[in-house]
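Colleague: Need the 3D shape of this:
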Amino acid sequence: MRTKTLALVGATGGAGTTRTAVELAALGARDGRDVAVVDAAFTTQGLSEYVSGRIGTDLTTLVTDETGASLSAATYPIVGGGGDAERAETDAPDLPGRADAIPARAPFERVARAKTAEAARKLERRIDEAATSYDAVIVDVAPVGSNEAVAGVTAADRTAAVFPATTHGRDALQRLRGRVADVGAGVNRSIAVVRDGDGESAEGGDEADADVHLPPTASAVADAPTASIGDGAYARAVADAFEAAFDATVGIEFAEPGLVDRLAP
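Modeller: Numbering: from 1, shown residues only. Purely as a prediction, here's the structure:
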């Protein structure tokens with residue numbers, strides 16, 4: 001792989017960035033890689049929903065109160081992301097690689113302290129630390145407009161934008177490109193997320209703006225990650241997105257699509 005760290009940035013709120021990060025990590029683990037997802041969306045803290053059980057030390061603690069602690073203190077397996085002992089009691093697959101989350105799960109007071117410029121510099125160092133322990137690191141970044149978001153984009157080797165596969169999403173992607181350029185970086189890849197019920201799809205002019213578009217899949221956190229075991233169109237698209245984002249070759253052999261899949265739009 002030519003790219004080690006990837007900033008995955010939402011062009012809008014609710015674009016599906018966190019879910020896409022989790023799916024990419026699971027796909028990487030399925031392919032035998034160790035992948036970490038680092039939470040740089042301190043306000044929404046959505047990555048914590050993909051961790052089973054109680055979160056003690058979190059990422060905001062490591063950039064504020066416990067700056068000397070190891071990154072592993074705030075690292076938790078993603079549900080369905082590997083064969084760790086706690087997951088053995090579930091139906092989660094035993095994958096050849098690891099998919100870990102380094103989430104933010106904090107009260108408002110600590111979140112406020114974690115959003116300072118000083119904490120952002122510490123976040124950059126934590127991202128670099130993750131890169132020494134994992135084959136790939138995905139930084140989950142909210143639309144660029146905060147210190148931690150800027151840190152996530154500038155610390156990563158490459159930036160990929162996630163946007164809804166609609167005209168509104170396409171417009172938001174263009175605005176995001178401008179914001180990322182303002183901090184001295186660039187959007188290198190783009191992923192369009194299609195949802196059931198969207199009035200527009202990526203099959204029109206929006207698809208031209210995306211390197212990969214992800215077809216609809218079950219949206220509930222409990223249904224993720226689909227890419228850890230799936231053979232359908234969604235898992236195959238996640239594999240395409242992983243290859244595009246990391247300049248990698250995925251060696252997973254997917255089952256041939258059935259007649260219904262081949263006829264689907």
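
Colleague: how long is stretch 93-100 from one end to the other?
Modeller: 14 Å (C-alpha to C-alpha, to the nearest Å).

Colleague: centre of the chain versus it, how much separation?
Modeller: 16 Å (C-alpha atoms, centre = their mean, to the nearest Å).

Colleague: Low-confidence bits of the stretch 151-265 of the chain, can you list those?
Modeller: The stretch 151-265 of the chain contains residues with pLDDT under 70 at 197-208, 257-265.

Colleague: let's see 90
Modeller: 195-209, 219, 222, 255-265 (pLDDT under 90).

Colleague: Can you list the residue ranges for strands in it?
Modeller: Using DSSP state E, counting those that start in this stretch, the strands of the stretch 151-265 of the chain run over 158-164, 189-193, 212-214.

Colleague: Could you dump those into a markdown table with mean neighbour count added?
Modeller: All C-beta atoms are positioned from the backbone trio N, CA, C, and that covers glycine. A markdown table is the format used below for the strands of the stretch 151-265 of the chain (neighbours: other C-beta atoms under 10 Å):
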| stretch | mean neighbour count |
| --- | --- |
| strand 158-164 | 26 |
| strand 189-193 | 26 |
| strand 212-214 | 23 |
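
Colleague: got those as TSV, with distance to Asp94 columns?
Modeller: What follows is the strands of the stretch 151-265 of the chain, written out as TSV (distance: least, C-beta to C-beta, whole Å):
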stretch	distance to Asp94
strand 158-164	28
strand 189-193	28
strand 212-214	25
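
Colleague: For Asp182, find the nearest of these.
Modeller: When the strands of the stretch 151-265 of the chain are compared by C-beta to C-beta, strand 158-164 sits nearest Asp182, at 12.8 Å.

Colleague: now the angle from that closest one to strand 189-193?
Modeller: Put simply, strand 158-164 runs at 20 degrees to strand 189-193, going by axes from the mean of the first three to the mean of the last three C-alpha atoms, to 10 degrees.

Colleague: so what strands line up beside strand 158-164?
Modeller: Strand 158-164 sits in its sheet next to strand 5-10 (parallel), strand 189-193 (parallel), going by DSSP bridges.

Colleague: and of those strands, who's closest to Phe242?
Modeller: Closest among the strands paired with strand 158-164, using C-beta to C-beta: strand 5-10, at 9.4 Å.

Colleague: averaged over its residues, what pLDDT does that closest one have?
Modeller: Mean per-residue pLDDT for strand 5-10: 98.
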